[in-house]
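Enquirer: below: sequence and its predicted model.
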Amino acid sequence: EVQVVESGGGLVQAGESLRLSCAASGFISDDYDIGWFRQAPGKEREGVACINPYDNTTRLRDPAKGRFTITSNNAKNTVYLEMNSLKPEDTATYYCVVIKSYFYCAGFPDHWGQGTQVIVSS
């Protein structure tokens, strides 16, 4: 059974950085990405960034472009989301997901973590 567990959320000030970690277990085939979705209060969930751990192809959605980096450490079965220049609008619960690569980090993940909260104060 695939499981993903997030860590690394917290409270930061605008302009600061934060790194989220996602530890994955279970077999994940090469047509799946591991990545991050987020949900802000009162808003729908949205894809942020995903990576295919087999070939390190990354898929960045608009919230991530220019400020966030996603990487994979296959030896540790862990995916990281490095978030820089954080803004108050990045405040959300961030979920690690396992999702078909062809969804391009949008749509319907197959597996979700419990989420980790990120709060960015102005």
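Expert: On my side now, so go ahead.

Enquirer: CA atoms for contacts and neighbours, from now on please.
Expert: Will do.

Enquirer: what mean pLDDT does the strand or helix carrying Ala23 have?
Expert: Element membership for Ala23 (DSSP states H and E) is strand 18-25. In this model, strand 18-25 carries a mean pLDDT of 97.

Enquirer: next one: that strand to chain centre, how far?
Expert: The chain centroid and the centroid of strand 18-25 are separated by 8 Å under Cα atoms, centre = their mean, to the nearest Å.

Enquirer: what's whichever helix or strand comes after that strand in contact with?
Expert: Per DSSP H and E, the first helix or strand lying C-terminal to strand 18-25 is strand 32-39. The contact list for strand 32-39, computed with Cα atoms under 8 Å, 6 or more residues apart in numbering, reads 45-53, 70, 79, 81, 92-101, 105.

Enquirer: from Gln117, how far out is Glu89?
Expert: 13 Å (Cα to Cα, to the nearest Å).

Enquirer: partners of the strand holding Ala23 in the sheet?
Expert: The strands beside strand 18-25 in its sheet (DSSP bridges) come out as strand 3-7 (antiparallel), strand 78-83 (antiparallel).

Enquirer: can I get these in CSV with distance to Gln13?
Expert: Formatted as CSV, the strands paired with strand 18-25 follow (distance: least, Cα to Cα, whole Å):
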stretch, distance to Gln13
strand 3-7, 18
strand 78-83, 12
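
Enquirer: make JSON lines out of those strands and add mean neighbour count.
Expert: Formatted as JSON lines, the strands paired with strand 18-25 follow (neighbours: other Cα atoms under 10 Å):
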{"stretch": "strand 3-7", "mean neighbour count": "20"}
{"stretch": "strand 78-83", "mean neighbour count": "21"}
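
Enquirer: export the ones you listed to a markdown table and tack on distance to Leu60 and mean pLDDT?
Expert: Formatted as a markdown table, the strands paired with strand 18-25 follow (distance: least, Cα to Cα, whole Å; pLDDT from 0 to 100):
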| stretch | distance to Leu60 | mean pLDDT |
| --- | --- | --- |
| strand 3-7 | 19 | 96 |
| strand 78-83 | 11 | 97 |
